[in-house]
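A.B. asks: what would the 3D arrangement of this be:
(chains A and B)
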Protein chains: 2
Amino acid sequence: MANADETVKIIEVGPRDGLQNYPAVLSTPDKVRLIDDLVASGITAIEATSFVRADRVPQLADGVEVCAGIQRVPGVRYIALAPNVRGLEAARSAGVDEVAVFAAASDEFNRSNVGRNTSEALAMFADVAREAIALGMSVRGYVSTVLGCPFSGHVPISDVVAVVEAMDAMGCDEISLGDTIGVGRPHQVAPLIEATAAVVGTDRIAVHFHDTYGMGLANSMAAVEAGVRSVDTSIGGLGGCPFAGRGAKGNLATEDLVYALQGSVHDTGVDLDRLVDINIWLAGVMGRPLPSRSAAALASKRDG
Amino acid sequence: MANADETVKIIEVGPRDGLQNYPAVLSTPDKVRLIDDLVASGITAIEATSFVRADRVPQLADGVEVCAGIQRVPGVRYIALAPNVRGLEAARSAGVDEVAVFAAASDEFNRSNVGRNTSEALAMFADVAREAIALGMSVRGYVSTVLGCPFSGHVPISDVVAVVEAMDAMGCDEISLGDTIGVGRPHQVAPLIEATAAVVGTDRIAVHFHDTYGMGLANSMAAVEAGVRSVDTSIGGLGGCPFAGRGAKGNLATEDLVYALQGSVHDTGVDLDRLVDINIWLAGVMGRPLPSRSAAALASKRDG
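C.D. replies: Below you'll find the predicted structure:
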């Protein structure tokens, strides 16, 4: 049996990070089914939607309806991205208990993404976090470009640490370190975890690794080796940063991490067979196979 | 600078393991170019071809011509698979210095593959090894199905150890542990390396992991963590076991391992940019993109 301290908790980001960059828009009932089925498979933390301007992200314009439609399972964290106070208030009205804010560790990326440098972006998100906490909500912080920036290249660990310190100061509970463009290598992970855990402890660090260069699983395993027990993944490996180029393959697939850890002390406890069911259904809805390799292999075994 | 003891050596298996299961047959000049270009990129050990019955593996029927065509670079190991004495003699005539023999750690797999159980298969390959050594050649041993068999499922480590002992006894220098159907998980790797290294030492162990379930890189990194310094990979991620189902994605891609280790103490020293050149050329020849994710990402950056 896995010890609770060793168990890796998956934060499923498919319904938000996975869907927001896909050209097709899933129907609201399909999104509700996706979230409910993922929770039924054993997922205990899920990023359900985003409260952003509908003209900017039409894929997630139905956040209110999605939140109204899902079955709230007690003990499960349902998270929504809220980039500003207006988004936060919409999330609150929709009954969301936990919001996520984000800032890159690179000025150039923040300028491109939110039109502000890192200090200005953090100040804006500090307002969101302050109001969320006043309303009794939890706040999750995303640090993006932690292992490289598409505009400035190398990102010093000290810049990541500075953003983690700011997110800690603004009251974020969990801080997720994102390799937004998937360029990081396994040997870069332990120093990153060591430096950021020195600020907030490994129990408040999550990792969020993209698979653009095929490093998603190896980098996540390196983080687990370094003591991290919360890993962001996306059903099927959906997702991808629009700056990452045509080779972009999205987030690490939930199925692949669940498969990798099965039978180890870090076993996630998520039902892989049900994830494969969801993968097959979602691929049908989206009209394309999803990138996850373990799901493809397991689905092919069902064919007999 | 990487210390020589820490450097990971790649054994490139694309020209044999990568090509033998593809429906298309590469021309002899294309195979020669592939091998010469891989060596020019910094590869120092390469499985060039196989001396098997042409009616069984028409993709590799031109082993003699390939061996005659390539530029022999001093210090580079050019390896050919030789399943029997007739194949060995053909390899010797073609000027090959190192042959590879193989046996699965599962009776069921050996019966399916060579029509003999494990003991009988090992006896047959011992004859090949004996004659090879008498002729002054080196012998590489492949143990397949080390982390699972498509017919019998679980493979006990003791069965792998028994095959390693037999290969050691027959005079194999390097013994490559193959997860033929790619089902292994990272936490299974260290116990496997520990048990087999107890027989022959980590310096004579290589690993050969398939990426069917997306575990190829993470499993290879686990082997490197366990002290292994020789890793079999295939340009582009070509290859695949015919028993692995339609999800099969071939061997771990050479590009992905080279990328993962760049800048670490285990840096392979292989020129990744030249590997991407080869990947792009080979994809053009084969008329399909190759599975490697890092090569796809790097190729897409060149477009920009």
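A.B. asks: OK, contacts around A:Ala190?
C.D. replies: Residues near A:Ala190 by Cβ atoms under 8 Å, 6 or more residues apart in numbering or on different chains: A:Ala222, A:Glu225, A:Ala226. Where you see a C-beta, it was placed from the backbone N, CA and C, and this is true even at glycine.
A.B. asks: need the residues you listed in JSON lines with pLDDT and secondary structure, can you?
C.D. replies: What follows is the contacts of A:Ala190, written out as JSON lines (pLDDT from 0 to 100; DSSP: H, G, I helix; E, B strand; the rest coil):
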{"residue": "A:Ala222", "pLDDT": "98", "secondary structure": "helix"}
{"residue": "A:Glu225", "pLDDT": "97", "secondary structure": "helix"}
{"residue": "A:Ala226", "pLDDT": "98", "secondary structure": "coil"}
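A.B. asks: which one of these sits in the busiest neighbourhood?
C.D. replies: Among the contacts of A:Ala190, A:Ala222 has the most neighbours (other Cβ atoms under 10 Å in any protein chain shown), with 25 neighbours.
A.B. asks: so which helix or strand takes in the closest residue to that one other than its chain neighbours?
C.D. replies: Nearest residue to A:Ala222, sequence neighbours excluded (Cβ to Cβ, 6 or more residues apart in numbering or on different chains): A:Val189, at 3.8 Å. According to DSSP states H and E, A:Val189 maps onto helix A:189-200.
A.B. asks: helix or strand right after that helix?
C.D. replies: Beyond helix A:189-200 toward the C-terminal end (DSSP H and E), the next one is strand A:205-209.
A.B. asks: which strands or helices does that next one pack on?
C.D. replies: Strand A:205-209 sits against strand A:174-179, helix A:189-200, helix A:216-225, strand A:230-233, with contacts defined as 3 or more Cβ pairs under 8 Å, 6 or more residues apart in numbering or on different chains; DSSP states H and E.
A.B. asks: now do the longest one: distance to the chain's middle.
C.D. replies: Here helix A:189-200 shows a centroid-to-chain-centroid distance of 19 Å under the convention Cα atoms, centre = their mean, to the nearest Å.
A.B. asks: run the angle between it and strand A:174-179 for me.
C.D. replies: 150 degrees (axes from the mean of the first three to the mean of the last three Cα atoms, to 10 degrees).
A.B. asks: how about the CA coordinates for helix A:189-200, as PDB?
C.D. replies: Provided in PDB are the C-alpha atoms of helix A:189-200 (Å, rounded to 0.1, in the frame of the first residue of the first chain):
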ATOM      1  CA  VAL A 189      14.500  19.900 -12.300                       C
ATOM      2  CA  ALA A 190      16.100  19.000  -8.900                       C
ATOM      3  CA  PRO A 191      17.900  22.400  -8.600                       C
ATOM      4  CA  LEU A 192      14.600  24.200  -9.400                       C
ATOM      5  CA  ILE A 193      12.700  22.200  -6.800                       C
ATOM      6  CA  GLU A 194      15.400  22.700  -4.200                       C
ATOM      7  CA  ALA A 195      15.500  26.500  -4.700                       C
ATOM      8  CA  THR A 196      11.700  27.000  -4.700                       C
ATOM      9  CA  ALA A 197      11.000  24.500  -1.900                       C
ATOM     10  CA  ALA A 198      13.400  26.500   0.300                       C
ATOM     11  CA  VAL A 199      10.800  29.300   0.100                       C
ATOM     12  CA  VAL A 200       7.500  27.400   0.500                       C
END
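A.B. asks: got the angle between it and helix A:216-225?
C.D. replies: Inter-element angle recorded for helix A:189-200 and helix A:216-225: 50 degrees (by the same axes, to 10 degrees).
A.B. asks: would you mark the buried spots in helix A:189-200?
C.D. replies: A:Val189, A:Leu192, A:Ile193, A:Thr196, A:Ala197, A:Val199, A:Val200 (16 or more other Cβ atoms under 10 Å in any protein chain shown).
A.B. asks: what is the nearest of these to B:Thr28?
C.D. replies: Distance to B:Thr28 across the buried residues of helix A:189-200 (Cβ to Cβ) is lowest for A:Val189, with 43.8 Å.
A.B. asks: which positions in chain A make contact with chain B?
C.D. replies: A:182, A:185-188, A:211-215, A:217-218, A:221-222, A:244-249, A:253, A:256, A:259-266, A:292-294, A:296-301, A:303 (Cβ under 8 Å from any Cβ of the partner chain).
A.B. asks: one more time with 6 Å, if that's ok
C.D. replies: Contact residues, chain A versus chain B (Cβ under 6 Å from any Cβ of the partner chain): A:185-187, A:212-214, A:217-218, A:221, A:245-247, A:249, A:256, A:259-260, A:264, A:293-294, A:296-297, A:300-301.
A.B. asks: picking up where we left off before, please convert the contacts of A:Ala190 to TSV, extending it with distance to B:Leu238.
C.D. replies: Listed next are the contacts of A:Ala190 as TSV, based on distance: Cβ to Cβ, whole Å:
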residue	distance to B:Leu238
A:Ala222	26
A:Glu225	30
A:Ala226	33
